[in-house]
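Peer 1: Quick one, what's the 3D model for this:
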Amino acid sequence: MTTDNHPDREALFARIKDIRFGMLTHRDGQGMLHAHPLTTLNQDIDAQAQLYFFIPRGSELHERLAADSQVAVSYAKPKEDCYVSVSGTAAFIEDAARKEDLWTPMAKAWFPDGPGDPNLVLLAVHIQHAEYWDVQESKLTQLYKMATAAMTGERPKELGEHREVNL
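Peer 2: Down below sits the predicted model:
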């Protein structure tokens with residue numbers, strides 16, 4: 001089911017917000033895909049449906065995103081059987097107040113001069129499409145359904161929720 005209303009956006013972010021790292025995937029100049037673990041900075045999703053990350057100015061990632069802004073960010077909570085894939089467009093935001101709002105003490109390891117560090121770039125990923133997979137059944141129930149499917153040759157049924165969200 002594909003929808004674009006506000007509750008779906010909140011349901012999507014509810015699955016992301018407690019996952020510390022997302023794997024941001026982008027292309028290099030030859031089209032090869034690369035992924036980088038980045039810390040998601042937002043504690044909620046804003047009206048623009050953007051995710052925020054700090055990256056170093058002039059880095060390989062910064063240069064590649066300047067050349068090709070199409071990205072994907074993947075999140076996983078394996079213990080909870082929750083998986084999220086986000087596709088969108090990357091942009092660099094020069095907003096000192098926003099950098100200050102999103103600043104965390106852990107960022108100081110990469111940006112020692114704080115939110116005003118000239119090397120710090122605020123990366124915004126505007127979410128255009130997302131999918132999530134959520135399994136609510138216990139591991140035992142999942143194993144039973146998969147074993148039954150393997151024995152019958154039919155795909156497992158009702159193993160959780162899969163939803164697409166367009167923003």
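
Peer 1: Any idea how far the strand ranked longest in the chain is from the middle of the chain?
Peer 2: Identified as the longest strand of the chain according to DSSP state E is strand 120-134. Here strand 120-134 is found 5 Å from its chain centre; the criterion is CA atoms, centre = their mean, to the nearest Å.

Peer 1: now for it, which elements pack on it?
Peer 2: helix 6-16, strand 50-56, strand 82-93, helix 96-102, strand 161-166 (3 or more CB pairs under 8 Å, 6 or more residues apart in numbering; DSSP states H and E). In short, each C-beta sits where N, CA and C put it, glycine included.

Peer 1: same question for that strand, mean pLDDT?
Peer 2: For strand 120-134, the mean per-residue pLDDT is 94.

Peer 1: picking up where we left off before, hey, which of the helices and strands packed on strand 120-134 is tucked in deepest?
Peer 2: Among the helices and strands packed on strand 120-134, strand 50-56 has the highest mean neighbour count (mean count of other CB atoms under 10 Å), at a mean of 20.

Peer 1: Buried residues, stretch 13-27. List them.
Peer 2: Neighbour-count burial for stretch 13-27 flags 13, 15-16, 22, 24-26 (criterion: 16 or more other CB atoms under 10 Å).

Peer 1: Looking at the residues you listed, which one is closest to Ser69?
Peer 2: Closest approach to Ser69 among the buried residues of stretch 13-27 (CB to CB): His26, at 8.5 Å.

Peer 1: got a pLDDT number for the closest one?
Peer 2: His26 is assigned 97 on the pLDDT scale.

Peer 1: before we move on, what about Asn166?
Peer 2: 78.

Peer 1: I'd assumed His129 was in contact with it.
Peer 2: Yes. Here Asn166 reaches His129: they are 5.4 Å apart, a contact under CB atoms under 8 Å.
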